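# Let me see the structure of the following:
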Amino acid sequence: MKTAILLVLAYLLGSIPSGIWIGKLFFKKDIREFGSGNSGTTNTFRVLGKTAGLVVFAMDLLKGTLATCLPLIFHLDINPLWFGLIAVIGHTLPIFAGFKGGKAVATSAGMLLGFAPLFFFYSLAFFLIVLYITSMVSAASIASAIFVTLSSIILPYIWPTILPTQNWLLTIVCLALTCYIIYRHKENIQRIKDGTENRVSFGLNKKEK
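Next up, the predicted model:
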């Protein structure tokens, strides 16, 4: 019974539509009506600015982390990844926002932070490098998702300090999320091919102000 309740709690945590709530509460805007129409971190940066974007990113990240830590907090002998995955599902299909949510990147990262902190920072470093090179959040998100999946297989053998043991559930979850992230970014991928993808004001190819 406790497990079922906490899984529901993980889903509800993931369902918190941070971008929508911040936009409506502080800016009187529904960010789904502006920019890309997405309720996630990137569109929040674009529509509401840097401060709001950072707050939404932190909220989306930490709800994944908190959900992943639920079995540790309540002393359940269950792999925390299940709770993190449920939170990601909540983020992408939020009950508080008509089951239309974000692209899973920030909350997936929060899941990694809760499950394997060193692996999270290792992955974050790769994300920032790709973001610096491309100046495109979408490209960095897709590349990082693929990188994380491959790293979950390889790291226990070549760099066990970062990821000490082989965890096939981690690899399966990362692979599933990678497929989903690529699917949700299909329009971004087409814009990258066309050379019209939005760029951020950071990195080697940053947009001009």
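# mean confidence score for the strand or helix carrying Ala87?
Using DSSP states H and E, the element containing Ala87 is helix 80-92. Helix 80-92 carries an average pLDDT of 97.
# For it, which outside residues touch it?
Residues from elsewhere that reach helix 80-92 (Cβ atoms under 8 Å, 6 or more residues apart in numbering): 6-7, 10-15, 60, 63-64, 66-72, 101-104, 106-108, 110-112, 114-115, 167, 169-170, 173, 177, 180, 184. (C-beta placed from N, C-alpha, C; glycine too.)
# How about stretch 97-105?
With Cβ under 8 Å, 6+ apart as the test, stretch 97-105 has contacts from 15, 17, 19-20, 32, 38-41, 60, 88, 90-94, 141, 145, 177, 180-181, 184-185.
# what does the helix or strand of the chain with the lowest mean pLDDT contact?
Averaged element by element with mean pLDDT, DSSP states H and E, the chain has its least confident helix or strand at helix 41-48 (a mean of 90). With contacts defined as Cβ under 8 Å, 6+ apart, helix 41-48 is touched by 18-19, 22-23, 27, 29, 31, 34-37, 52-53, 56-57, 60, 102, 105-106, 137-138, 198, 200.
# residues of stretch 36-49 that come out buried?
Using 16 or more other Cβ atoms under 10 Å as the test for burial, stretch 36-49 gives Ser36, Asn38, Ser39, Gly40, Thr41, Thr42, Asn43, Thr44, Phe45, Arg46, Val47, Leu48.
# Neighbours of Phe83, how many?
Phe83 is flanked by 30 other residues according to other Cβ atoms under 10 Å.
# so how far is Gly14 from it?
Remark: distance between Phe83 and Gly14 (Cβ to Cβ, to the nearest Å) = 10 Å.
# on that earlier part again, quick one: name whatever helix or strand follows the least confident helix or strand of the chain.
Going down the chain from helix 41-48, the next helix or strand is helix 50-73, by DSSP H and E.
# Which secondary structure elements does that next one sit against?
Counting contacts by 3 or more Cβ pairs under 8 Å, 6 or more residues apart in numbering; DSSP states H and E, helix 50-73 is packed against helix 2-15, helix 18-27, helix 41-48, helix 80-92, helix 105-115.
# so where is the chain shaky, pLDDT-wise?
Scanning the chain for pLDDT under 70 picks out 208-209.
# Domains in it, by residue range?
For the chain, automatic domain parsing gives the domain ranges 1-97, 116-209.
# Can you tell me which of the ones you listed is packed in deepest?
Mean neighbours per residue, mean count of other Cβ atoms under 10 Å, is largest over the domains of the chain for domain 1-97, with a mean of 19.
# Under a three-state scheme, what state does Thr165 occupy?
What DSSP: H, G, I helix; E, B strand; the rest coil gives for Thr165 is coil.
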